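In: only geometry, no sequence info:
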């Protein structure tokens, strides 16, 4: 199997593990220098950052559905849909309200470890699903 195909499997497994809320298995596939772009500010690097990220969610039930996986070189792009319920999102109460949103992730994978992740998700869409409103400042 080629390195690109291996990397695609690793990226897809990452989403399965998130749906299972298997934080330690995610940590095992994460490099000690891993960085997340597009996540919470001041997130630690490496497995500690993964633990910190999952700790920031509160209680959450989520399922990721992978729509597309595209790979070139050491990068794998995954477009996916998340369906979740959680206690709150960005301070907006969310208990019992299901949210569905899309996201695109780019993982850089070297020697079987995810070393960097870029995240772009429809967080505004989630806020609106929870009843948040946008108001002009005037």
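Out: Yep, that arrived. Just so you know, these numbers come straight off a predicted model, no measurement behind them.
In: what about residue 108, helix or strand, and which?
Out: Here residue 108 is covered by strand 99-110, with elements defined by DSSP states H and E.
In: what comes into contact with the helix or strand following that strand?
Out: Counting by DSSP H and E, the next helix or strand C-terminal to strand 99-110 is strand 113-121. Outside strand 113-121, the residues that touch it by C-beta atoms under 8 Å, 6 or more residues apart in numbering are 10-11, 14, 29-31, 33-39, 82, 101-109. (Each C-beta comes from the backbone N, C-alpha and C, glycine too.)
In: tell me which residues in stretch 55-66 are buried?
Out: 60, 62, 64 (16 or more other C-beta atoms under 10 Å).
In: swap in stretch 3-11?
Out: Using 16+ other C-beta under 10 Å as the test for burial, stretch 3-11 gives 7-8, 10-11.
In: Format those as JSON lines; extra columns: distance to residue 68 and pLDDT.
Out: Converted to JSON lines, the buried residues of stretch 3-11 look like this (distance: C-beta to C-beta, whole Å; pLDDT from 0 to 100):
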{"residue": "7", "distance to residue 68": "15", "pLDDT": "97"}
{"residue": "8", "distance to residue 68": "11", "pLDDT": "98"}
{"residue": "10", "distance to residue 68": "16", "pLDDT": "98"}
{"residue": "11", "distance to residue 68": "11", "pLDDT": "98"}
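In: Tell me which two of these sit farthest apart.
Out: 8 and 10 (7.3 Å; C-beta to C-beta).
In: on contacts alone, who are the packing partners of the longest helix along the chain?
Out: Secondary structure assigned by DSSP state H gives helix 3-19 as the longest helix of the chain. On a contact count with 3 or more C-beta pairs under 8 Å, 6 or more residues apart in numbering; DSSP states H and E, helix 3-19 meets helix 23-28, strand 60-72, strand 75-86, strand 99-110, strand 113-121.
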